[in-house]
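J.: Next come a sequence and a model predicted from it.
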Amino acid sequence: MTRAPSLCGVILAAGNSSRMGSDKSLLPWPPGSAASLRNTFLGGHIAALNAHCDLVIVVAGGNEEQIAPIVYSQGAFLIRNNAPELGQFSSLKLALQDVLNRGRDSAIVALVDRPPVQPATLTKLHEAFLESSEEDAWGVVPEYDGQHGHPYFAGRDLIEAFLRAQLTTTARDIMHSVAGNLRYIPVDDPHISLNVNTPEDYAHLRQVTSE
């Protein structure tokens, strides 16, 4: 069965950014850019996913009021995880259930604590996802320098596998268990696996992006 072209973007942004000391959603993107609603990690992710999706859902936690202006200024939808302390997987399950509730069967999942990927990366992944049938692949995952990352494309079977899983597991555990049903696509983009968790991480990102 071929895939329906309709996609829903998902951005997980409910973490408390404790090691960064400030909300990673609000970090200027690109680093050093003038402050604006669009020029943030979150704004960059929404803009990137909007180019490939019918709609974008952002999961907030206690930072809901702070990130809402960015979300709504770019036409995205905001849902709140009332128990973000249960971990990132709880936000993922909440978002994917919302994807199904909105009548979509496929999603692109991104993490706000990684810089937005290059447009060519998303295009390559999207094309690979559309070229694969639901029987061929439950999802499409980017790979750079031997590491898997985000954003990944999830079809209905992968979404349901996540929703069936207990909160005590992780998305990575589920994806490892169904690895034979996934397509791993090499991309020339280190951002797929680049976590920005501390001020030092962000300073390094600013340095390498300005070179």
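T.: In hand now; what should we look at?
J.: so how far is the one helix or strand in the chain whose mean pLDDT sits lowest from its chain's centroid?
T.: Within the chain, no helix or strand scores below helix 199-210, which has a mean of 87 by mean pLDDT, DSSP states H and E. Centroid separation between helix 199-210 and its chain, computed with Cα atoms, centre = their mean, to the nearest Å, is 21 Å.
J.: do stretch 60-80 as well
T.: For stretch 60-80, the distance to the chain centre is 15 Å (Cα atoms, centre = their mean).
J.: and residue 192, how many neighbours?
T.: Other residues lying near residue 192 total 25 when counted by other Cβ atoms under 10 Å. Just so you know, the C-beta spots here come from the backbone N, C-alpha and C atoms, and that holds for glycine as well.
J.: what about the closest residue to it other than its chain neighbours, distance to residue 98?
T.: Once flanking residues are discounted, residue 192 sits nearest to residue 149: 3.3 Å by Cβ to Cβ, 6 or more residues apart in numbering. Distance from residue 149 to residue 98, counting by Cβ to Cβ, to the nearest Å: 23 Å.
J.: quick revisit: just checking, the residue nearest to residue 192 touches residue 193?
T.: Yes. Counting by Cβ atoms under 8 Å, residue 149 touches residue 193, with 3.7 Å between them.
J.: which one of those two has more residues nearby?
T.: Per other Cβ under 10 Å, whichever of residue 149 and residue 193 has more neighbours is residue 149, with 22 against 16.
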